[in-house]
Every structure is written in C-alpha cells, then in structure tokens.
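Visitor: Got a predicted structure here, sequence first:
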Amino acid sequence: MTERDTDIEFDFFDEPETAEATQRRRLPRLDRSGGRGGGDGGERPPRPPLRTPTGFVPLARLVGLIAIAIVVVVGLVFWIGSCQGKSKHDEYQAYADEVNVIAKADEARSAKLANKIVEPNLKQSDLVATLQQFAQQEQEEYVRAQEISAPGPLRAFHLNFGADWAKGIVSVEPPEVGKPFVVSVPAVDADGNVRAGIRLPDIAVPLATQAGWNYRDASIGAPDRLAGEIGSYIPFARTKADRDRTGDPRLSIEERYRDRDEYVGKFAASALDFVERGYLLPEDVADLLKHAVEHYDWAVNNQRFQK
C-alpha cells in the first residue's frame, strides 16, 4: 500500500458535508521528501478519529439493511420448509402407491381363486394345485409387504377419493394424497383417561386406563405403528406394593377403593347421575351394576396383567 493510499478515508454512511469535514480535508500536508518522518524530522499530525454516524439518513439506511437481512432469512426458512414438505409428501405418496399395488394384487388373486373354485367339473388335483399356488403367492406378498417401511411417523393427509365421495362412491382409487393436517387428541387426567366429553361410569370410576388407540403387536410386524380400530385397556395395579414394584405412577385399586362394595357404590352414584342428566335409561342401571361387580372381580383376580 502506498503512502497516498493511507490517506484515503472511507465513510460507509456518506454523511452530509459539514464545515468541520471540509476543514479537515484541506489541512496542509507535511513535506515528505524524507519519507514518513523525513524532511526536517517533523512528524505527520495524527488523523482525527472516525466519528460515529449521526443523523436520520444513516440510521434509516442501517435499519433498511437489517430489515432486508431479516426478509432474506425468513424467505430462506420458508423455502427450505416447503421443499422438505414436498419431499415428505412425495415419500408418503410413494408409500401409499406401494401398499396399493400389493392390495390390488391380492384382490386379483382372490377373484381368480373364487372363479376357479366355481368352475364346473373341477378336479380335486387341480383345486389342490390352485390352492398351493395361491398360498405361495400370498406368502411372497407378505414378505414383500414386510419390506415396505413408512417414511417416518404416520401422518394424516387429505385424501381425494373423487367428487362423489360424499355419496359413498369412490371414483379415484388410489386416492390423491393432499396436504397433511394436524390431528388433535384429547387431554387426559392423571390416570390417562380422557377428561373431556361424557365420562361414562367406567371412566369416572376407573379400574384401568382406557383409550381409543393401540399399537400393533410385534408378532404381526410394525410394532411402532397404530393398529386400526383397536382400543387399549391398561389395568391399574392391585396394590401399592405392586405399583411400586413396576413403577406405575397411577394409584392402585387398593388405594382407590377400600373393597368391592365401595367401588360399586361409587359406580352406582355415577350411573344415577347419568340417569338424572338424561344420558342413561333407569332400566339399564341394573345391568351396569352387574357389569361393575364382574369388572372389579376380574381386575383384582386376573393374574395376566399383574406382572
């Protein structure tokens, strides 16, 4: 860098001209014949320190730059999110297509088998061969189905089955997969039972946690997936010692009810409240009380769940 370059002063905000700046720029330079510190040995006067930008214009420009940076960052975030959403949507669509291929193939084999069985003069040997072939194909498709993995946790998507879906007519099969939507679940109490809605006596006076969902059993594969149309029943421990041993945070049956009579009494009070509120017919109370007695006896005597 030359000595002349060192005299260049940058002003990022391009301040308005002031008398002080004009006077500073017109200061005479020292003789540089002897270099920096040459001549008569005089020293170059120190440069005035840079001043902090002041005034409305520099501030406005700074705010504008910050605003632009924020807009760019937000735009990038939304763009990346939309790309990820589209990618995930495509993955779920591909998963649905694979499942549909297997389902269609199974439907075609079943129809073929049904037609074969009703053929006139069908020989027993031909029927046996057809059944063996069908069983082998079913086993192959089962293995293929086991190899299909859903792309992450299953999500709820809008499905388009066609314009006549409201009439029960499916005209688009497989359905077109639309945008995902949020599936809300009800809040639960300390026992894991739903707080909202009409709490039937079995929930208001519980012997277990009951839910409308359940996971698939490991023996049939995909144990991390929900089973269709199957609920859950998770019984309370019988005694405090049992729940301490298993680490169950829910109160045991012993801690809730002194004996069966107390449980049935609380159950009856809940049932009569439902009668008064118009949710239960008086003639149905007797059957519910019979159920309460059987339920209590099963809960305290069943060894299967007391591990």
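Guide: Sure thing, it's come through.

Visitor: you'd agree residue 130 is up against residue 116?
Guide: Yes. With contact defined as Cβ atoms under 8 Å, residue 130 and residue 116 form a contacting pair (5.1 Å). To be clear about C-beta, it is placed using only N, CA and C from the backbone, and glycine gets the same treatment.

Visitor: Kindly state the pLDDT recorded for residue 151?
Guide: Note for residue 151: predicted pLDDT of 68.

Visitor: And for the one 4 residues further on?
Guide: Reading off the confidence values, residue 155 has pLDDT 70.

Visitor: And it, how far from residue 173?
Guide: 21 Å (Cβ to Cβ, to the nearest Å).

Visitor: And residue 147, by the same measure?
Guide: From residue 147 to residue 173 the distance is 24 Å (Cβ to Cβ).

Visitor: Tell me which of the two has more neighbours.
Guide: Per other Cβ atoms under 10 Å, whichever of residue 147 and residue 173 has more neighbours is residue 173, with 10 against 7.

Visitor: is it true that residue 98 touches residue 148?
Guide: Yes. Residue 98 lies in contact with residue 148 (Cβ under 8 Å); the separation is 5.2 Å.

Visitor: which neighbours do these two share?
Guide: Common contact partners of residue 98 and residue 148 (Cβ atoms under 8 Å, 6 or more residues apart in numbering): none.

Visitor: Give me the below-cutoff pLDDT ranges for the chain.
Guide: For the chain, the stretches with pLDDT under 70 are 1-59, 77-89, 92, 150-154, 303-307.

Visitor: domains for it, by residue range?
Guide: 58-153, 155-183, 201-301 (automatic domain parsing).

Visitor: In CSV: those, plus distance to residue 195.
Guide: Formatted as CSV, the entries for the domains of the chain read as follows, by distance: least, Cβ to Cβ, whole Å:
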stretch, distance to residue 195
domain 58-153, 25
domain 155-183, 18
domain 201-301, 9
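
Visitor: Of all the ones you listed, which one comes closest to residue 189?
Guide: Closest to residue 189 of the domains of the chain is domain 201-301 (Cβ to Cβ; 9.0 Å).

Visitor: Can you give me the first-to-last residue distance of that closest one?
Guide: Distance between the two ends of domain 201-301: 21 Å, counting by Cα to Cα, to the nearest Å.

Visitor: go on, stretch 224-236?
Guide: 23 Å.

Visitor: mind listing what's buried in it?
Guide: Neighbour-count burial for stretch 224-236, counted by 16 or more other Cβ atoms under 10 Å, picks out 235-236.
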